[in-house]
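> any chance you can model this:
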Amino acid sequence: MKKNLKMTLLFCGLASFAFAQREYNPPTAVREAFQKEYPKSTPSHWTRSSAGWSVEFDDKDFDNGESTARFDSRGRHLETQIPYDEGDVPKEVKDHMKQHYPDADNYEYTRIDRPGEKPLYKAKFRHKKAYSTTYVDDRGEQRDYH
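Got it, this is the predicted structure:
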């Protein structure tokens, strides 16, 4: 009886481990799209969502450092997000933030690159004791983000 119980527990443990791993192993089309877009980079962590797959990695192809790329379930590259230091953010973006949110502080910037589009900058900041987020293009124009 003990042997059967141990075997059952072992089987259940292996099955749940294998099932859990499926969440972090994207379809072949997604893995191939990542390797095509970033051939010198290695994925460090995959995450699945209703919109598709996200991968965290150190971008060695474009020297962007820590990045997150998003792909749909068919492997289409949707966007890449790159955290930016304030000193690396274009002057026009910072000027927009100072003009529209003069009392804000604690800025966190992320550049969003989408295939075929100009970069967009996500600015997360504290304004009037609450955190807000806005999106600004490299010319300092506020934009919608979908």
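> got a list of what the residue sitting nearest the centre point of the chain touches?
Central residue of the chain (CA atoms, centre = their mean): Thr68, 3.2 Å from the mean position. Going by CB atoms under 8 Å, 6 or more residues apart in numbering, Thr68 touches Ser54, Val55, Glu56, Phe57, Thr80, Gln81. From N, CA and C alone the C-beta is placed, and that goes for glycine too.
> try it again at 10 Å.
If a contact means CB atoms under 10 Å, 6 or more residues apart in numbering, then Thr68 has 45, 47, 54-57, 59, 79-83, 110, 112 as its contacts.
> pull the number of nearby residues for the closest residue to Ser132 other than its chain neighbours.
Leaving aside its sequence neighbours, Ser132 sits nearest to Phe125 (CB to CB, 6 or more residues apart in numbering; 6.1 Å). Phe125 has 17 neighbours, counted by other CB atoms under 10 Å.
> in which helix or strand does Asp144 reside?
Assigned by DSSP states H and E, Asp144 falls within no helix or strand.
> all strands for this structure, in order.
43-49, 52-59, 65-71, 77-84, 105-113, 120-127, 130-137 (DSSP state E).
> which one of those lies closest to Asp95?
strand 130-137 (9.6 Å; CB to CB).
> next, the buried residues of that closest one.
For strand 130-137, a neighbour-count test (16 or more other CB atoms under 10 Å) marks Thr134, Tyr135, Val136, Asp137 as buried.
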